[in-house]
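Trainee: Sequence and predicted structure are below.
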Amino acid sequence: MSAALLLAERGVAVTLVERDDRLGGRLAAWPRRLADGTTQMVGHGFHAFFRQYYNWRAVLRRVDPELGFLRPARHYPVVSRTWPDEDFGGLPGRPPWSLLALLARSPSLRLREMRDVDGPASLALLRYSQAQTYREYDTMSAAEFLDRLAMPERARALLFDVFAHSFFNHAAEMSAAEMIMQFHFYFLRNAEGLGFDAPDDDYQTTIWAPLCARLQALGADIRTGAAVDRIEPGWAVTLRGGHRIEADHVVLATDPAAARGIVAASPLPPRLTRDMATIRTTAPYAVSRFWTDRDVAGGRAAFSSVAREPLLDSVSLFHRVEQGPARWSRQTGGAVVELHAYAAEAGIDPATAARDMWSQLSALWPETAGLRILDTDSRIGTDAPAFDVGSNATRPGVATDADGLFLAGDWVRMPFPCALMERSAASAALAVNAILRRHGVRPVQVYSVPPRGLLAGRTDKAGRADNARRR
């Protein structure tokens, strides 16, 4: 959607082809009829719109210049059975003050308990530079790096393990370099701190419907329920059923498995086919939404991360975030609680995930054990990208050696730090600029957090797109 919109704004004729019957991917939302006869919107899980998502927010400003549909999350607690809750909301934005404030405030980071922390390993977090960090740490797992860091148990559980798990990858399989980059992007080097916002209604209402309306007003053709079988240089996109769409350029922006399958079925250069074959989908994630007869305790945050539970990773109270669930809550007196497991074990089924996550929530929030569950919507997702140990060496970037074919998504190798929704939007913007450059058309502005760590040296010149602007 980002690529289509930015191209259409520059006068390019765009056809957007979507396999599913709705847009949005992991950010999609759709209606579900409850047992009480009401209709509620559900989705693939809560998403935090962090304030350093500069490129994604720039796209969203096309339909709401003030981003008035985003509401701040004032608290960001991490909860566990073992330790008291720790809230990471309200920290200063700009580094190094954010880091100093965390050290001063966090009970997980008491100086007397930090004596055994490995100095060189901890400095790697502050010395991020793309070339050096990936050269030194991409062949190490995130779990091994955290072991080497030797943080106190509480700090590792509440800060580092929670953070690493939130990228849908098991720490034992995830590249340490990728995790270090995420620390750099989300906390150590952006001017926004850990503050984030969330839409005040479901994603279809606040994002996809207005973006579609704007894209169609620009003359674009949006085709949903249209699965792509293969693409052929020249370019032609062949849909399932045989219909062909002719194009001058193609931006392939799908989930990892779909992109890998399309490339494998297409007559494309061997290197691209070989590199795409290494792109893997990570562990499944589980999402269960519960409608209950009564509310949870009044002081619970709208979003909480969870530490050291076997399955449960986060709790979202949608009746305190979105308008639709809030109306249902006012009418019934109940709550709309979503539980999310970011990296579950292979083979897990929705019913088991829902049962186990609710049991684990009851141990964390005792009042939930007495709630009666009126309805449940559970699903298992298998479309999040893996960032395996050593995968950066073969991960394709936005430009390919197939002239006129570009890649975009949260799995694409990027020249500056970014992740998740922002990685998708930023890679799309780079693809758009590569196309516009061919036609001598003014590029779109691309933004990045500072690409180097606070203590990074100045000899490494790698890393930032020539049209990326620091924020």
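Mentor: It's in.

Trainee: Grab the most central residue of this protein for me.
Mentor: Leu420 (2.8 Å; C-alpha atoms, centre = their mean).

Trainee: I'd say that one and Gly409 touch.
Mentor: No - checked against C-beta atoms under 8 Å, the pair Leu420 and Gly409 is beyond contact range at 10.5 Å. Every C-beta, even on glycine, is put in place using the N, C-alpha and C of the backbone.

Trainee: Which residue, other than its chain neighbours, is closest to Asp200?
Mentor: Once flanking residues are discounted, Asp200 sits nearest to Arg71: 5.0 Å by C-beta to C-beta, 6 or more residues apart in numbering.

Trainee: tell me the contacts of that neighbour?
Mentor: Arg71 is in contact with 197-200, 321, counting by C-beta atoms under 8 Å, 6 or more residues apart in numbering.

Trainee: Mind giving me the ChimeraX select for these, buried ones only?
Mentor: Of the contacts of Arg71, the buried ones can be selected in ChimeraX as follows, counting by 16 or more other C-beta atoms under 10 Å:
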select :197,198,199,321
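
Trainee: Pull out the buried residues from stretch 389-409.
Mentor: Buried-residue list, stretch 389-409, by 16+ other C-beta under 10 Å: 389, 391-392, 395-396, 398, 400, 402, 404-409.

Trainee: all strands for the stretch 151-300 of the chain, in order.
Mentor: Ranges of strands within the stretch 151-300 of the chain are 196-199, 221-223, 228-232, 236-239, 244-246, 250-252, 285-292, based on DSSP state E, counting those that start in this stretch.

Trainee: In a markdown table: the contacts of Arg71, plus pLDDT and distance to Arg294.
Mentor: Converted to a markdown table, the contacts of Arg71 look like this (pLDDT from 0 to 100; distance: C-beta to C-beta, whole Å):
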| residue | pLDDT | distance to Arg294 |
| --- | --- | --- |
| Asp197 | 95 | 28 |
| Ala198 | 97 | 23 |
| Pro199 | 98 | 26 |
| Asp200 | 97 | 24 |
| Val321 | 96 | 18 |
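
Trainee: Distance to Val441 for the contacts of Arg71 - can I get that in CSV?
Mentor: Formatted as CSV, those follow (distance: C-beta to C-beta, whole Å):
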residue, distance to Val441
Asp197, 32
Ala198, 35
Pro199, 32
Asp200, 36
Val321, 39
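
Trainee: how much space is there between Ala143 and Asp64?
Mentor: Note on Ala143: its distance to Asp64, by C-beta to C-beta, to the nearest Å, is 41 Å.

Trainee: which sections of the stretch 351-471 of the chain are below the confidence cut-off?
Mentor: Applying pLDDT under 70 to the stretch 351-471 of the chain picks out residues 458-467, 470-471.

Trainee: other SSEs contacting the longest helix along the chain?
Mentor: Using DSSP state H to define each element, the chain has its longest helix at helix 420-438. Under the contact criterion of 3 or more C-beta pairs under 8 Å, 6 or more residues apart in numbering; DSSP states H and E, helix 420-438 touches helix 2-9, helix 54-60, strand 250-252, strand 405-407, strand 446-448.
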